[in-house]
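> Give me the fold of what follows.
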Amino acid sequence: MASAAPHALLLPYPAQGHVIPFMELAHRLLDSGFAVTFVNTEFNHRRVVDVAAAGASPSGIGSRLRLVGVADGMEEGEDRDNLVRLNAAMQEALPPQLEVLLEGSGSSSGDGLGKVTCVVVDVGMSWALDGAKRRSLPAAALWAASAAVLAVITGAKKLIRDGVIDDDGAPIKLENNSFQLAESMTPMDATFLAWNWMGNRDAERLVFHYLTNTASTAVAKSDVLLCNTFADLEPDIFAQHSPARILPIGPLRTWKRSTAEAPVGHFWHAEDHASLSFLDAHPHGSVVYVAFGSLTVMSSEQLEQLALGLEVSGRPFLWVVRPGLAGKLPTSFVATNGRGKIVRWAPQDQVLAHPAVGCFLTHCGWNSTLESICNGVPMLCWPYFTDQFTNQTYICDIWRVGLRVTPTGSKEMVNVKRITEMFDSLLGNSGIKERLKSLKAMAEKSMSVEGQSFKNLDTLIKVLRK
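As a prediction, the model looks like this:
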């Protein structure tokens, strides 16, 4: 009698930038003969299922992919962008529900997937590894951001010993706020460490301890520590000895799949492919694409300056404005003559792959950064919090494939004139475009059959099959 297929339980952190690479990894496992139980919080599960219902599931995949929702411990209507509250609630509410899934008693009748045989959790959810370890199941932890940020978090104790940060993660006075993880590595700014840019010192302290505790747990309790990056993108990190061996398996994205087979996982969906139809009507390299991710917040005054800057620039633009921000746009702002389009969501990977897109005004989330690189699109960087400032340093100073959006004067406001100047500077920079070609080629090589990330994925699959 043939043995049952391996059955992986995947648990991402409940944010769009984590769910997307986890779902791509799920499909890589499905391609390799695994069954997958994909666990979201109920809040995000409803959003993912609603979007997935609008598309067709690839042949044979639907029967081996089970989407499950679990209660996150928060009340209806609570602010799930409050990460401190969300983290505390999940640690209490999720473990008993995961026990049910690991035991198999949470399976719906006749799903035929069998018991879970291996687990992949988000590094930020590594407390969920306890159930897997009690059952001696193979387990991996995936970090959805850069290896540089992961190396800083896993090396936090050394940074404390070296006097870079205090016991609560706050930067200690340094020359230019700069430090290096190792002598051969590029300097990093302690002011913009992942936990140090949230506007509230109490929250920053709690997030610091949460990140460092979950990272150390992931190192101690997972069989392999994964990262959605590739070695040639962050060579200094992989050339150095670090507190944990990080296995790069990126870029995890949908570029090798047809649209019909793209992994589910997005929280929003476009009506009638409006974004792509808009791009089809514009010349090569002419459109400014604007998207700030799922959490970025802007004041009404700053949104007005951006809207006016897009109008004054004279360039066609596609702007993703989440429902929560749409109400802050000036009432006089109307994208006229078909030159601009505002949508609630866009299929970003397809948008960035479209030849009409000339540049990307981005919050510098790691997924957005990778997608821009993989499609050779120059970036105009407008980070908001967490790792986005580190990503901006990579983009602007190390890879040199983008430019910073800098405030005008002392009021931290980016005005219309500065916005139009930045578009002109970026779109006229031939050096950026040449460097992007090189990075894009490296990304494609990493996921080719002979590439390091592809080989690392094969290593992961062997670990999970044990």
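> any weak-confidence spans in the stretch 51-200 of the chain?
Across the stretch 51-200 of the chain, the ranges flagged by pLDDT under 70 are 51-62, 105-111, 174-175, 184, 197-199.
> what ranges do the helices span in it?
Using DSSP state H, counting those that start in this stretch, the helices of the stretch 51-200 of the chain run over 83-103, 129-134, 147-154, 156-161.
> Check the offset of the last one from the chain's centre.
Which is helix 156-161. With CA atoms, centre = their mean, to the nearest Å as the basis, helix 156-161 stands 26 Å off its chain's centre.
> what packs against it?
Packing partners of helix 156-161 (3 or more CB pairs under 8 Å, 6 or more residues apart in numbering; DSSP states H and E): helix 201-221. No exception for glycine: its C-beta is placed from N, CA and C like everyone else's.
> So Asn40 lies in a strand, does it not?
Yes - Asn40 forms part of a strand when assessed by DSSP: H, G, I helix; E, B strand; the rest coil.
> Just send the helices of the stretch 51-200 of the chain back as a markdown table, with distance to Ile461 too.
Shown next, in a markdown table, are those (distance: least, CB to CB, whole Å):
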| stretch | distance to Ile461 |
| --- | --- |
| helix 83-103 | 20 |
| helix 129-134 | 17 |
| helix 147-154 | 21 |
| helix 156-161 | 31 |
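> so can I have a markdown table of the ones you listed showing mean neighbour count and distance to Tyr384?
Below are those laid out as a markdown table (neighbours: other CB atoms under 10 Å; distance: least, CB to CB, whole Å):
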| stretch | mean neighbour count | distance to Tyr384 |
| --- | --- | --- |
| helix 83-103 | 17 | 13 |
| helix 129-134 | 18 | 30 |
| helix 147-154 | 26 | 15 |
| helix 156-161 | 16 | 22 |
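> looking at those helices, which is closest to Leu436?
helix 147-154 (19.5 Å; CB to CB).
> Quick one: low-confidence residue ranges for the stretch 251-400 of the chain.
Looking along the stretch 251-400 of the chain with the criterion set at pLDDT under 70, you get 254-272, 324, 326-327, 332, 334-338.
> Tell me where it has helices.
Taking DSSP H, counting those that start in this stretch to define them, one finds helices in the stretch 251-400 of the chain at 274-280, 300-313, 323-326, 348-353, 366-374, 388-393.
> still on that earlier bit, compare the helices of the stretch 51-200 of the chain and report which one is nearest to Asn367.
Closest to Asn367 of the helices of the stretch 51-200 of the chain, according to CB to CB: helix 147-154, at 13.6 Å.
> picking up where we left off before, indicate which one of the helices of the stretch 251-400 of the chain is closest to Ile165.
helix 388-393 (14.4 Å).
> quick one, domains of this protein?
Per the record, the chain has its domains at 7-153+190-250+447-465, 269-443, by automatic domain parsing.
> can you list these in CSV and add distance to Ser178?
Converted to CSV, the domains of the chain look like this (distance: least, CB to CB, whole Å):
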stretch, distance to Ser178
domain 7-153+190-250+447-465, 7
domain 269-443, 11
